[in-house]
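Trainee: Sharing a sequence plus its predicted fold:
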Amino acid sequence: DAGVIQSPRHEVTEMGQEVTLRCKPISGHDYLFWYRQTMMRGLELLIYFNNNVPIDDSGMPEDRFSAKMPNASFSTLKIQPSEPRDSAVYFCASSLVWGYLYEQYFGPGTRLTVT
Amino acid sequence: SQQGEEDPQALSIQEGENATMNCSYKTSINNLQWYRQNSGRGLVHLILIRSNEREKHSGRLRVTLDTSKKSSSLLITASRAADTASYFCATVDTGRRALTFGSGTRLQVQP
């Protein structure tokens, strides 16, 4: 398996623009997680899905953030409109059933810069 | 809030030396996990220790868990320059049923 795939790897956009980050989890993994990493706040869990259903989105910072998982092999994280404080590295991770009891597999991340 | 907190925040050693990192957490756990992150990369799972285990080994890694003290340690023996990375402990936030990561220890191994 190729592992968790994220795209794009780097994104530079202007404030106010819409940004869409994409993730393909490892085949067969039932859990998918979106994290954000910054120097100030460390690694934060934004939202996670189980069998394509959002389970906990309490980490999503604002209504400007939304995430979807239309099928088992694809998820998106959208920011609209983007702001400079959204600049961070966004990671997607997946894991097997009962994901939080097992290891998570991380993608390479998307480095987002909002100017 | 971050459940696990690593100590020290940064560590610099010479190749061949052992590196020890500590993690403290606040609530009851089912398991504790350690991850490594190389600069500019995603996190990679290293080892998982369950709450009923006290010590676990994997290659040059040794993890201990003391649930009475709510602490864990990661020991890397005979370190190599390639071990240079940030190391994170992660515990389960039972409220959210998801992993919560600490702030990490930045390890620098000098060749």
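Mentor: Sure thing, it's come through.

Trainee: where's the residue nearest to the spatial centre of chain A, which helix or strand?
Mentor: Geometric centre of chain A, nearest residue: A:Trp34, 3.1 Å, by Cα atoms, centre = their mean. Here A:Trp34, judged by DSSP states H and E, is contained in strand A:31-38.

Trainee: Show residues contacting that strand.
Mentor: Among residues not part of strand A:31-38, those counted as contacts by Cβ atoms under 8 Å, 6 or more residues apart in numbering or on different chains are A:23, A:25, A:43-50, A:67, A:69, A:75, A:77, A:87-97, A:99-100, A:104, A:109, B:98-99. The way it works is simple: take the backbone N, C-alpha and C, and place the C-beta from them, glycine included.

Trainee: Among the residues you listed, name the buried ones.
Mentor: Buried members of the contacts of strand A:31-38, scored by 16 or more other Cβ atoms under 10 Å in any protein chain shown, are A:23, A:25, A:43-50, A:67, A:69, A:75, A:77, A:87-95, A:99-100, A:104, A:109, B:98-99.

Trainee: give me the element the closest residue to the residue nearest to the centre of chain A other than its chain neighbours is part of.
Mentor: Computed as Cβ to Cβ, 6 or more residues apart in numbering or on different chains, the closest residue to A:Trp34 that is not its neighbour in sequence is A:Leu46, at 4.4 Å. Here A:Leu46 is covered by strand A:42-50, with elements defined by DSSP H and E.

Trainee: List the neighbouring strands of that strand plus their orientation.
Mentor: Using DSSP bridges, strand A:42-50 pairs in its sheet with strand A:31-38 (antiparallel), strand A:53-56 (antiparallel).

Trainee: Out of those, flag the one nearest B:Glu53.
Mentor: B:Glu53 lies closest to strand A:31-38 among the strands paired with strand A:42-50, at 23.0 Å (Cβ to Cβ).

Trainee: quick one: the closest one to chain centroid distance?
Mentor: 5 Å (Cα atoms, centre = their mean, to the nearest Å).
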